[in-house]
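>>> let's see this in three dimensions:
(4 chains)
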2 protein chains.
Amino acid sequence: MDELFSSALNQSVQRAVSLLKAFDTDASELGVSELARTVGLPKSTVARLLATLEHEGLVERVPHADKYRLGFLLVRLAGRVSHFGDVRAVARPVLARLSEQSQESVHLGVLDGAEVVNVDQIAGPHLIRETNWLGRRTPLHCAANGKAILAFQPEAVIARVLAAPLARVTPLTMTDPRLVRGELAEVRERGYAWTLGEVEEGLNGVAAAIRNGAGEVFAAVSVSGPAYRVPPARIPSLGELVVAAAAEISRRLGSRV
Amino acid sequence: MDELFSSALNQSVQRAVSLLKAFDTDASELGVSELARTVGLPKSTVARLLATLEHEGLVERVPHADKYRLGFLLVRLAGRVSHFGDVRAVARPVLARLSEQSQESVHLGVLDGAEVVNVDQIAGPHLIRETNWLGRRTPLHCAANGKAILAFQPEAVIARVLAAPLARVTPLTMTDPRLVRGELAEVRERGYAWTLGEVEEGLNGVAAAIRNGAGEVFAAVSVSGPAYRVPPARIPSLGELVVAAAAEISRRLGSRV
DNA sequence: GAACGCGTTCCATAGAGCGGAACATCAGCC
DNA sequence: GGCTGATGTTCCGCTCTATGGAACGCGTTC
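Numbering: from 1, shown residues only, chains lettered A, B, ... in the order given. Prediction:
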């Protein structure tokens, strides 16, 4: 067990959280037995944990069904996740406009260590259910957001990121640091980054870097969609859109470059 | 204790959730001792629960400080709160535009029983920290959102809501059903509702009803702000904005009225 | 240097949490 | 209508998890 203190972590709380995580699927309503199978616990244990989570507001019963779904306390607490809160608030209207213009999903990613954290997401207008990237971390070397951010980091940062083994997330992911370096140079030249099935097969995207008040690149805004709606031929025009959106967000954050 | 089963609720999980709830303040970064005082538990118990929550991603350590804050798993799971998810996704670009136009906070509320649940919120551009309404429920008879929704409910629903004792949330809250009925008639006439310090002292707001594909009113969009920025004189012009926004959202949801 | 408050760590103990078993209900099939 | 399988609910004996008091090191303030 991963012990942070000499005393173990709290098993009951871990189990309860694993139940919450079990709802992180497209099937957002789950029954007791299904949850028991998913998390590998007896039904009575799951039932008791669900009763507690329901009482506290983290899950709720689906009306007229013997199923549960995530509760509204999560939305409330998520509103208090203050990390990146300011940039999210500032960016949100621009993201909304970008979603309208591009007619695709739009994301805001922020540099966090050697990864990008997706801190906001506006779904496209299409009916096909999309991946929920909120809260997920993606590596810098293959996500459009990540490449847009990495390209404008100090050389020491780029070297450190590329010195580590680069994960092959899909068969199309570049893992040769020299190839990644070459693409980062092209990103700086074009002003935007792109990904073609490198993070998720069949998913393409374009991103541009966002600067803070000191002019440093710390975030990126991106547009993404399935390859049949976002083919390579569409990258340049989407590139212009994301560059304009990123510039607007940067300006609002006080950047003068 | 509120026991749903003969077996009690899980104390450890309740304690862990009470810690999460303790972060639901304007002071979003808290230390072990402060949290121990807030929730009334020994520091060692709090430390161990925090370690578990951190390990699972529900809280995180603030870099270079001995404090904790809410973690990003909350954002991720909140994105999975599917109840009202579709209307949130549809409404969000319109809310963003409305926030730009009004330069105030904007909210999306949905009818849930005899209350309104605030399911989305876009903060205004001002620096003053605003109340986090996300996930909170407000009574129908005094919130702008609530009045906008209630005014267009079937008479049986209105009668049932007004038959119950109306809570006096602030000294300005109307609690006489006849006065509320009169104002609902005026809401139908004007097309928008308003609140003047009835939900929170010094807070004013305007709201308009949203219809679903069947033409039924089930939600509302509102603008709100402190009384000195949203004085009564400004209600009509903000009314026009929210009516237009609500109509746009209704149209996107398939309403033909 | 002393006092104070912080976060961390340890460990003996008690009762909270566990999970197996049994039960009632419901839907589907024959 | 009867049977089967899966569901969610409830109970209770048992054990080991979770608890909290005490001690400690560290940083800050006076």
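>>> distance check, the one residue in the stretch 101-250 of chain A that gets nearest to DNA strand C against A:Ile149.
Closest residue of the stretch 101-250 of chain A to DNA strand C, C-beta to the nearest atom of the strand: A:Gly113 (19.5 Å). Glycine gets a C-beta too; all of them are placed from N, C-alpha and C. The gap separating A:Gly113 from A:Ile149 is 12 Å, by C-beta to C-beta, to the nearest Å.
>>> which residues does the closest residue to DNA strand D within chain A contact?
Per C-beta to the nearest atom of the strand, A:Gly31 is where chain A lies closest to DNA strand D, at 2.2 Å. By C-beta atoms under 8 Å, 6 or more residues apart in numbering or on different chains, A:Gly31 lies in contact with A:Asp66, A:Lys67, A:Tyr68.
>>> got the contact list for whichever residue of the stretch 51-200 of chain A sits closest to DNA strand C?
Closest contact between the stretch 51-200 of chain A and DNA strand C, by C-beta to the nearest atom of the strand, is at A:Thr52 (8.3 Å). Listed by C-beta under 8 Å, 6+ apart, the contact partners of A:Thr52 are A:Ala16, B:Leu9, B:Asn10, B:Val13, B:Gln14, B:Val17.
>>> is the one helix or strand A:Val46 maps to anywhere near DNA strand D?
Using DSSP states H and E, A:Val46 maps to helix A:43-56. Yes. On the criterion C-beta under 7 Å from any atom of the strand, helix A:43-56 is in touch with DNA strand D at A:Lys43, A:Ser44, A:Ala47, A:Arg48.
>>> so for that helix, mean pLDDT?
Here helix A:43-56 scores 94 as its mean pLDDT.
>>> what's the first-to-last distance across stretch A:139-157?
14 Å (C-alpha to C-alpha, to the nearest Å).
>>> mind listing what's buried along that stretch?
A:139-153 (16 or more other C-beta atoms under 10 Å in any protein chain shown).
>>> now that stretch: how far from the chain's centre is it?
15 Å (C-alpha atoms, centre = their mean, to the nearest Å).
>>> try stretch A:219-228
With C-alpha atoms, centre = their mean, you get 11 Å for stretch A:219-228.
>>> just the C-alpha atoms of it, please, in CSV.
Output of stretch A:219-228 as CSV, limited to C-alpha atoms (Å, rounded to 0.1, in the frame of the first residue of the first chain):
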residue,chain,number,x,y,z
ALA,A,219,-1.4,27.2,-20.8
ALA,A,220,-2.9,26.5,-24.2
VAL,A,221,-6.3,26.5,-25.9
SER,A,222,-7.2,23.8,-28.3
VAL,A,223,-9.8,22.6,-30.7
SER,A,224,-10.2,18.9,-31.4
GLY,A,225,-12.5,16.5,-33.2
PRO,A,226,-12.6,13.2,-35.0
ALA,A,227,-10.3,12.9,-38.0
TYR,A,228,-13.2,12.9,-40.4
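>>> is any residue of it near chain B?
No. Stretch A:219-228 stays clear of chain B (C-beta under 8 Å from any C-beta of the partner chain), getting no nearer than 14.0 Å.
>>> and A:Glu198, its phi and psi?
phi -90, psi -20 (degrees, to the nearest 10).
>>> now do the SS call for A:Ser222.
Three-state assignment for A:Ser222 (DSSP: H, G, I helix; E, B strand; the rest coil): strand.
>>> and it, how close does it get to A:Gln121?
From A:Ser222 to A:Gln121 the distance is 10 Å (C-beta to C-beta).
>>> neighbour count: the two, which is higher?
Comparing A:Ser222 with A:Gln121 by other C-beta atoms under 10 Å in any protein chain shown, the one with more neighbours is A:Ser222, at 34 against 24.
>>> what about the residue lying closest to that one once chain neighbours are set aside, neighbour count?
In space, A:Ser222 comes closest to A:Ala207 once its chain neighbours are excluded; the distance is 3.5 Å by C-beta to C-beta, 6 or more residues apart in numbering or on different chains. Look at A:Ala207: counted by other C-beta under 10 Å, it has 34 neighbours.
>>> can you classify A:Ala207 as helix, strand or coil?
Going by three-state DSSP: A:Ala207 is strand.
>>> what of the one 3 residues further on?
Using three-state DSSP as the criterion, the local structure at A:Ile210 reads strand.
>>> any idea what it is bridged to?
A:Ala219 (DSSP bridges).
>>> number of nearby residues for it?
Based on other C-beta under 10 Å, the number of other residues close to A:Ile210 is 32.
>>> check A:Gly205 too.
29.
>>> so it sits right up against A:Gly197, yeah?
No. Counting by C-beta atoms under 8 Å, A:Gly205 sits too far from A:Gly197 to count as a contact (9.7 Å).
>>> and the residue of the stretch 51-200 of chain A closest to DNA strand C, how close does it get to B:Arg15?
10 Å.
>>> now the helices for the stretch 1-150 of chain A?
Remark: helices assigned in the stretch 1-150 of chain A by DSSP state H, counting those that start in this stretch are A:11-22, A:32-39, A:43-56, A:73-78, A:85-102, A:144-150.
>>> packing partners for the shortest one?
Packing partners of helix A:73-78 (3 or more C-beta pairs under 8 Å, 6 or more residues apart in numbering or on different chains; DSSP states H and E): helix B:11-22, helix B:73-78.
>>> if we ignore the residues flanking it in sequence, what's nearest A:Pro231?
Here the residue nearest A:Pro231, using C-beta to C-beta, 6+ apart, is A:Asn204, at 7.4 Å.
>>> how about A:Leu73?
Closest to A:Leu73 by C-beta to C-beta, 6+ apart is A:Gly57, at 3.5 Å.
>>> for that neighbour, give its distance to A:Val13.
For A:Gly57, the distance to A:Val13 - C-beta to C-beta - is 16 Å.
>>> show me how chain A divides into domains.
For chain A, automatic domain parsing gives the domain ranges A:11-77, A:85-252.
>>> show me the shaky parts of the stretch 151-257 of chain A.
Scanning the stretch 151-257 of chain A for pLDDT under 70 picks out the ranges A:257.
>>> what does chain A have sitting close to DNA strand D?
Looking at DNA strand D, the residues of chain A close enough under C-beta under 7 Å from any atom of the strand are A:7-13, A:31-34, A:36, A:43-44, A:47-48, A:66-67.
>>> buried ones from those, can you make that a ChimeraX selection?
Per 16+ other C-beta under 10 Å, the buried members of the residues of chain A next to DNA strand D correspond to this ChimeraX selection:
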select /A:9,10,12,13,31,32,36,47,48,67
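>>> contacts with DNA strand C among the residues of chain A next to DNA strand D, please.
A:Ser7, A:Gln11, A:Ser12, A:Lys43, A:Ser44, A:Arg48.
>>> wait, does stretch A:95-110 contact chain B?
Yes. Using C-beta under 8 Å from any C-beta, stretch A:95-110 reaches chain B at A:Leu95, A:Ala96, A:Arg97, A:Ser99, A:Glu100.
>>> could you pick out the buried ones from those?
Of those, these count as buried by 16+ other C-beta under 10 Å: A:Leu95, A:Ala96, A:Arg97, A:Ser99, A:Glu100.
>>> in a markdown table, list those along with distance to A:Arg61.
Shown next, in a markdown table, are those (distance: C-beta to C-beta, whole Å):
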| residue | distance to A:Arg61 |
| --- | --- |
| A:Leu95 | 33 |
| A:Ala96 | 33 |
| A:Arg97 | 38 |
| A:Ser99 | 33 |
| A:Glu100 | 36 |
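>>> let me know the closest of those residues to B:Leu172.
A:Ala96 (33.7 Å; C-beta to C-beta).
>>> which ones are touching the closest one?
A:Val106, A:Ile122, B:Arg92, B:Pro93, B:Leu95, B:Ala96, B:Arg97.
>>> in the stretch 51-200 of chain A, mark out all the strands, start to finish.
For the stretch 51-200 of chain A, strands defined by DSSP state E, counting those that start in this stretch occupy the ranges A:59-61, A:68-70, A:105-112, A:115-122, A:137-139, A:193-196.
>>> residue nearest the centroid of chain A?
Nearest residue to the geometric centre of chain A (C-alpha atoms, centre = their mean): A:Asn118, 2.9 Å.
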